[in-house]
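Colleague: quick one, structure for this:
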Amino acid sequence: QVQLKESGGGSVQAGGSLRLSCAASGYIASSGCAGWFRQSPGKERERVANILTRDGSTGYADSVKGRFTISQDKDKNMLYLQMNALKPEDTAMYYCATGGGWCAVPTSYHNWGQGTQVTVSS
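Modeller: Below is the predicted model of the structure:
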């Protein structure tokens with residue numbers, strides 16, 4: 001099973017930017033879907049963005065459209081999430097994941113990283 005490890009989280013003021021990275025121990029494109037999810041205390045894990053590894057098609061939660069960008073580097077087995085114009089409500093633990101099937105739903109993902117914390121202050 002491919003191991004996933006996130007990095008790049010931290011604390012930032014509202015309006016700032018962060019770039020999350022996810023390093024995969026194996027061929028990330030062996031999974032049909034790769035995505036970023038987040039979870040805040042007391043809330044369910046929610047999809048942030050996903051990418052179809054075959055052709056790079058992307059999808060985003062409405063709350064992050066126009067601010068976040070998901071990308072992949074298949075040669076390096078890396079997944080990225082560029083986050084701009086961050087808001088306090090973006091504060092959460094962010095996870096990368098791989099899976100197959102319907103890429104927009106968390107239940108399609110069976111391989112998860114440990115997460116990286118993002119904190120946005122107002």
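Colleague: need the pLDDT of the closest residue to S63 other than its chain neighbours.
Modeller: Closest residue in space to S63, ignoring its immediate chain neighbours: E89 at 7.6 Å, by C-beta to C-beta, 6 or more residues apart in numbering. For the C-beta atoms, the positions are set from N, CA and C on the backbone; glycine is no exception. The confidence metric pLDDT takes the value 96 at E89.
Colleague: can I take it that E89 is in a strand?
Modeller: No. E89 is assigned helix when assessed by DSSP: H, G, I helix; E, B strand; the rest coil, not a strand.
Colleague: tell me how far it lies from M83.
Modeller: To M83, E89 is 12 Å away according to C-beta to C-beta, to the nearest Å.
Colleague: strands along the chain, start to end?
Modeller: 4-7, 10-13, 18-24, 33-39, 46-52, 58-60, 68-73, 78-83, 92-99, 109-112, 116-121 (DSSP state E).
Colleague: how far off centre is the helix or strand of the chain with the lowest mean pLDDT?
Modeller: Across the helices and strands of the chain, mean pLDDT, DSSP states H and E gives its lowest value to strand 109-112, namely a mean of 93. Distance, stretch centre to chain centre, for strand 109-112: 12 Å (C-alpha atoms, centre = their mean, to the nearest Å).
Colleague: name the helices or strands packed onto it?
Modeller: strand 33-39, strand 92-99 (3 or more C-beta pairs under 8 Å, 6 or more residues apart in numbering; DSSP states H and E).
Colleague: could those go into JSON lines alongside mean neighbour count, mean pLDDT and distance to L20?
Modeller: Converted to JSON lines, the helices and strands packed on strand 109-112 look like this (neighbours: other C-beta atoms under 10 Å; pLDDT from 0 to 100; distance: least, C-beta to C-beta, whole Å):
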{"stretch": "strand 33-39", "mean neighbour count": "23", "mean pLDDT": "96", "distance to L20": "7"}
{"stretch": "strand 92-99", "mean neighbour count": "23", "mean pLDDT": "96", "distance to L20": "6"}
